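> Return atomic coordinates for the entry below.
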Amino acid sequence: MQYTSLCVIAALSVATATTYFKEEFGNDWADRWVVSSEWKPEGEMGEWKHTAGKYYEDENDKGIQTGDDARFYGLSADMGSSFNNEGKDLVIQFSVKHEQDIDCGGAYIKLMPSGVDQKNFGGDTEYALMFGPDICGYTKRTHVIFTYKGENLLKSSEIKCESDTFTHLYTLIVKADNTYTVKIDNEETASGSLADDWEFLEAKEIKDPEQSKPTDWVDERMIPDPEDVKPEGHDDIPEEIPEEGAEMPDDWDEEDDGEWEPPMVSNPEFTGEWHAKMIENPEYKGEWEHPMVANPDFVNDETLYHVCKDCTHVGFELWQVKAGTIFDDIIVTDDIAEAEAMVASFETKQAAEKAMDAAEKEQEKKVREMEEAMAAAAAEEEEEADEIDEDLEAELHEEL
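Numbering: from 1, shown residues only. Next comes the predicted model:
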């Protein structure tokens, strides 16, 4: 009976798992995605390309790529219906490939609530969640931004991101127990408590406003030794003294040049401003710690994970200085296993890209070595020709 019950539970678990959106950008991708044509003037918006890129495992396995430098990019898709992740995990995963060796630009994805005007979708459009890499100069981070009570909350600490030219898989898991995990290439890069890593809530404790450090509190660990006395004549020692043995130059004319004075040099006996030596303060009480009290404004929230009340759209809203980023293999689901099932194909894709890159570099190396060998041979032939010419000229000179 126990075995049967476990099977039933497992079956129910599988039956209730839901994938809200999945996109692999086949040839009909444009039927599902709407360009933000009214967000910015036409001249400021970049074009999207449909391509597998320079390196690939299958040239027919294409994604969408930003196509123009120094442009905005806006693109969104209706997920088909509204979903609510109350009581459920939320998983969002997609792949990113910066073929342009990116220097500055975003590559993040957004989940949005209902009411999105897709043609005007842009930076000011309300969103529920923003996730993915953002790079500009030395700043290279993976954003995880939640919208909570009308505010966009950034993670308290940064999560690294990848910036090479190969495909990388970004995964965010927001669990119904108010914890989260971020994975890059299926390797965990961050995890923990939502309450600890974002400022969703007021602090549980605050400094007691009715308490302050006592006026007689001594928190100076070291003090000048009151028994240390400045040596007599210390202040009479000059910082510089005339250079010993210096003599007036023979060509010095005091009538024209003025009275001669020897050059000054540092005085080895000068020790600078005198300070009494420091000793431990016998009155030291340690650092004063402000007493803490319960924060009356703190209100706990067990539903921080509840990102989507009625999420209906997914989209990219970006600026890139140098274009060339390829996006692919998006999934939004409440089933972690569904996202994990896509890892193997990603790993195959990335391995193939690296193999193509390595083969190209090897071929470039061979061509370079061949060109260098040909140049060296040509130089040697020229040198031999010059030597023959010199010999002939010498023989002719002897005959004459």
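> residues in contact with stretch 137-153?
103-104, 108, 126-135, 154-155, 158-161, 163, 170, 172, 180, 182, 184, 189-190, 194, 198-200, 304, 307 (Cβ atoms under 8 Å, 6 or more residues apart in numbering). To be clear about C-beta, it is placed using only N, CA and C from the backbone, and glycine gets the same treatment.
> taking those residues one by one, which sit in helices?
Leu194 (DSSP state H).
> Let me know the secondary structure of the closest residue to Val35 other than its chain neighbours.
Closest residue to Val35 apart from its sequence neighbours, by Cβ to Cβ, 6 or more residues apart in numbering: Leu75 at 5.8 Å. With DSSP: H, G, I helix; E, B strand; the rest coil as the basis, Leu75 sits in strand.
> same check, this time on Lys361
Here Lys361 is recorded as helix under three-state DSSP.
> What of the one 3 residues further on?
Reducing the assignment to helix, strand or coil with three-state DSSP, the entry for Glu364 is helix.
> pLDDT weak spots in the stretch 51-200 of the chain?
Nowhere does the stretch 51-200 of the chain drop to pLDDT under 70.
> Which parts of it are strands?
Using DSSP state E, counting those that start in this stretch, the strands found in the stretch 51-200 of the chain span residues 63-66, 71-83, 90-98, 104-106, 109-113, 129-136, 139-148, 151-153, 167-174, 179-184, 187-193.
> who's in contact with the fourth one?
This points to strand 104-106. Strand 104-106 is contacted by residues 66, 132-137, 317-323, 325 when judged by Cβ under 8 Å, 6+ apart.
> Could you rerun that using 10 Å?
Strand 104-106 is contacted by residues 66, 69-71, 73, 98, 123, 130, 132-137, 139, 143, 316-325 when judged by Cβ atoms under 10 Å, 6 or more residues apart in numbering.
> Give me the spatial nearest neighbour of Ser266, chain neighbours excluded.
Ser266 sits nearest to Glu240 (Cβ to Cβ, 6+ apart), 6.1 Å away.
> Please identify the buried residues of stretch 111-129?
Along stretch 111-129, these residues count as buried under the neighbour rule (16 or more other Cβ atoms under 10 Å): 111-113, 116, 118, 121-122, 125, 127-129.
> got CSV for those, with distance to Met248 too?
As requested, the buried residues of stretch 111-129 are exported to CSV (distance: Cβ to Cβ, whole Å):
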residue, distance to Met248
Leu111, 87
Met112, 87
Pro113, 90
Val116, 90
Gln118, 90
Phe121, 85
Gly122, 81
Thr125, 84
Tyr127, 83
Ala128, 86
Leu129, 84
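> phi, psi of the residue nearest to Ser266?
phi -130, psi 150 (degrees, to the nearest 10).
> What is the neighbour count of it?
11 (other Cβ atoms under 10 Å).
> what sits against it?
Glu240 neighbours (Cβ under 10 Å, 6+ apart): 263-267, 270.
> now do Phe72
Phe72 neighbours (Cβ under 10 Å, 6+ apart): 36, 39-41, 44-46, 66, 122-123, 317-320.
> Glu364: which of those residues is nearest?
Thr66 (26.2 Å; Cβ to Cβ).
> The closest one: neighbour count?
Neighbours around Thr66, by other Cβ under 10 Å: 30.
> Which positions are bridged to it in the beta structure?
Trp48 (DSSP bridges).
> Verify the contact between it and His50 for me.
No: using Cβ atoms under 10 Å, Thr66 makes no contact with His50, being 11.9 Å away.
> Write the PyMOL selection for whichever of the contacts of stretch 137-153 are buried.
Typed into PyMOL, the line below selects the buried ones among these, using 16+ other Cβ under 10 Å:
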select buried, resi 108+127+128+129+130+131+132+133+134+135+155+159+161+170+172+180+182+184+189+190+194+198+200+304+307
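> Local confidence estimate at Arg368?
Confidence at Arg368, expressed as pLDDT, is 90.
> ok but it is inside a helix, no?
Yes: under three-state DSSP, Arg368 falls within a helix.
> what stretches of the stretch 251-400 of the chain score poorly on pLDDT?
Looking at the stretch 251-400 of the chain by pLDDT under 70, you get 400.
> Let's see that with 80 instead.
384-400 (pLDDT under 80).
> Ala195 - how many residues pack around it?
Quick note: Ala195 (other Cβ under 10 Å) scores 16 neighbours.
> Is it in contact with Asp301, as I believe?
Yes: counting by Cβ under 10 Å, Ala195 touches Asp301, with 8.0 Å between them.
> Overlap in contacts, these two.
178, 201.
> and the residue nearest to the spatial centre of the chain, bridged to which residues?
In the chain, the residue lying closest to the centroid (Cα atoms, centre = their mean) is Lys140, at 1.6 Å. Applying DSSP bridges to Lys140 yields these beta-bridge partners: Ile135.
> What about the residue nearest to Val35, how many residues nearby?
21.
> thinking it is in contact with Trp33, fair?
Yes: contact criterion Cβ under 10 Å: Leu75 and Trp33 qualify, at 5.4 Å.
> so what sits against both of these two?
Joint contacts of Leu75 and Trp33 (Cβ under 10 Å, 6+ apart) are 48, 64, 118, 314-316.
> out of these, which are buried?
48, 64, 118, 314-316.
> Make CSV out of those residues and add distance to Gly80.
Putting those into CSV (distance: Cβ to Cβ, whole Å) gives the following:
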residue, distance to Gly80
Trp48, 21
Ile64, 19
Gln118, 14
Val314, 11
Gly315, 14
Phe316, 18
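> Quick check: of those, which lies closest to Tyr20?
Val314 (8.8 Å).
> Just want to check the distance between that closest one and Ile279.
67 Å (Cβ to Cβ, to the nearest Å).
> for Asn120, same thing?
From Asn120 over to Ile279 (counting by Cβ to Cβ), the distance is 71 Å.
> overlap in contacts of Thr66 and His50?
Going by Cβ under 10 Å, 6+ apart, residues that sit against Thr66 and also against His50 are Ile326.
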